[in-house]
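Undergrad: any chance you can model this:
(one chain, ligands or ions: 1)
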Amino acid sequence: MRFTKMHGAGNDYVYVNCFSEPLPTDNLPELARKISHRHFGVGGDGLILIRPSEIADARMQMFNADGSESEMCGNGIRCVAKYVFDHAIASKSSLQIETGAGVLDVSLSLGDDGKCQLVSVDMGSPSLEASAIPTTIKTSGSVVDHEIDFAGQRVAVTCVSMGNPHCVVFVPKVTDEWVLGLGPVIETDPRFPNRINVEFVEVLSKNEVRQRTWERGSGETWACGTGASAVCVAGVLTGRTNRTILNHLLGGDLTLSWNDADGHVMMTGEATEVFSGEWEESSTVQPSATLS
Ligand SMILES: N[C@H](CCC[C@H](N)C(=O)O)C(=O)O
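TA: The predicted structure follows:
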């Protein structure tokens, strides 16, 4: 199967152009697990299928490295738009991409080589109602700077859905202790029935933050676009940041704005095509025993 490796701010996925490439199996979660494996497969934070759409220029179907499917992927949609433009599936600099969170509008900026370099995405409006996250932390209303215990650690959380669920935690410094220690605990806490993506955020100023992310189904990733959008919303709701921020993630920077007028979040960042190749499903040797 031919694939293309792309990343947005270091959040790297294996992409398959399903306009032309038949899939070797209909067990897509297993395909995602095998191809995402960083030692036995191609390696990535997950698998993204670029599919034809009846209602948009293309449809994005996204799977995490553990095979779970997500409704939306911010870094992924920027790469899908770049691929669709650069590979002449649709030669327009304004595209519509169908996702699990609806059809989103994407605008491309081209580099000197005529290829897509920078991508702006209208991420739509956040959902803040507890039941829409979903979370059982509250039976109604939003969860904003809500003090709660996870494994004996008391933190203030702000929950935002961008089509996929996010739990934002503002901390003095984004250390491994927070991300690798508390991240997986929050991801799998039973008060998040669908699990949750967790963003740890250090506020540098009213216009600038540093974010590290423990993702549902993929562990720590070098960036998370829907997470950065949730952080933008949480910063405004908690009074910590202005409506436009520059977000420094491990793999690069994203600019986010939560527009007052229409309530939509705009995300802008680069999208990069790294390499293409052929992958044989039989080539992936499943680890017989996990390293203890
Ligand atoms: N990295 C993606 C988010 C993936 C979300 C996925 N981990 C989930 O289960 O929601 C992004 O750039 O938005």
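Undergrad: where does this protein dip in pLDDT?
TA: Across the chain, the ranges flagged by pLDDT under 70 are 283-292.
Undergrad: repeat the analysis, applying 90 as the threshold.
TA: 281-292 (pLDDT under 90).
Undergrad: what does it have sitting close to the ligand?
TA: 11, 64, 70, 73-76, 164, 197, 215-218, 221, 224-227 (Cβ under 6 Å from any ligand atom). C-betas here are computed from N, CA, C, even on glycine.
Undergrad: and the spatially closest residue to Gln117 that is not a sequence neighbour, how many neighbours?
TA: Ranked by Cβ to Cβ, 6 or more residues apart in numbering and with sequence neighbours excluded, the top spatial neighbour of Gln117 is Gly111, at 3.8 Å. Other residues near Gly111 number 10, with proximity taken as other Cβ atoms under 10 Å.
Undergrad: I'd say Gly111 and Asp86 touch.
TA: No. In this structure, Gly111 is not within contact of Asp86 by Cβ atoms under 8 Å, at 10.3 Å.
Undergrad: chain center to stretch 136-143: distance?
TA: 23 Å (Cα atoms, centre = their mean, to the nearest Å).
Undergrad: buried stuff in that stretch?
TA: 137, 142-143 (16 or more other Cβ atoms under 10 Å).
Undergrad: what is the nearest of these to the ligand?
TA: Val143 (17.2 Å; Cβ to the nearest ligand atom).
Undergrad: check contacts around the closest one.
TA: 128, 130, 133, 135, 137, 157-159 (Cβ atoms under 8 Å, 6 or more residues apart in numbering).
Undergrad: let's have the buried residues of stretch 136-143 in JSON lines, adding secondary structure.
TA: Listed next are these as JSON lines, based on DSSP: H, G, I helix; E, B strand; the rest coil:
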{"residue": "Ile137", "secondary structure": "coil"}
{"residue": "Ser142", "secondary structure": "strand"}
{"residue": "Val143", "secondary structure": "coil"}
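Undergrad: would you mind putting these into CSV with distance to Lys34 alongside?
TA: Output for the buried residues of stretch 136-143, formatted as CSV (distance: Cβ to Cβ, whole Å):
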residue, distance to Lys34
Ile137, 35
Ser142, 39
Val143, 36
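Undergrad: could you pull out the helices for the stretch 51-200 of the chain?
TA: Taking DSSP state H, counting those that start in this stretch, the helices of the stretch 51-200 of the chain run over residues 74-86, 176, 183-187.
Undergrad: one step back: filter the contacts of Val143 to the buried ones?
TA: Of those, these count as buried by 16+ other Cβ under 10 Å: 128, 130, 133, 135, 137, 157-159.
Undergrad: just give me the closest of those residues to Ile245.
TA: Nearest to Ile245, judged by Cβ to Cβ, of the buried ones among the contacts of Val143 is Thr158 at 14.4 Å.
Undergrad: I figured that closest one hits Cys232, correct?
TA: No. Applying Cβ under 8 Å, one finds Thr158 not in contact with Cys232, separated by 11.3 Å.
Undergrad: which of the residues of the chain next to the ligand fall in strands?
TA: Mapping the residues of the chain next to the ligand onto strands (DSSP state E) picks out 11, 64, 70, 197, 215, 221.
Undergrad: domains of this structure?
TA: Under the assignment automatic domain parsing, the domains of the chain span 2-124+271-291, 130-263.
Undergrad: for the last one, the distance to its chain's centre please.
TA: It stands for domain 130-263. The answer for domain 130-263 is 12 Å, by Cα atoms, centre = their mean.
Undergrad: just the longest one next, same as before
TA: For domain 2-124+271-291, the separation from the chain centroid amounts to 11 Å (computed by Cα atoms, centre = their mean).
Undergrad: next one: stretch 121-128
TA: On Cα atoms, centre = their mean, the centre of stretch 121-128 falls 13 Å from the chain's centre.
Undergrad: and that stretch, end to end?
TA: 20 Å (Cα to Cα, to the nearest Å).
Undergrad: now do stretch 111-118
TA: 8 Å.
Undergrad: same check on stretch 139-152?
TA: First residue to last in stretch 139-152 (Cα to Cα) measures 22 Å.
Undergrad: is it correct that Asn247 falls within a strand?
TA: Yes. According to three-state DSSP, Asn247 belongs to a strand.
Undergrad: pairing partners for it in the sheet, please.
TA: When assigned by DSSP bridges, Asn247 has beta-bridge partners Val209, Leu254.
Undergrad: ok, it - contacts?
TA: Per Cβ under 8 Å, 6+ apart, neighbours of Asn247: 208-211, 228, 231-232, 253-256.
Undergrad: over to Gln61?
TA: By Cβ under 8 Å, 6+ apart, the neighbours of Gln61 are 28, 48-49, 51, 69, 100.
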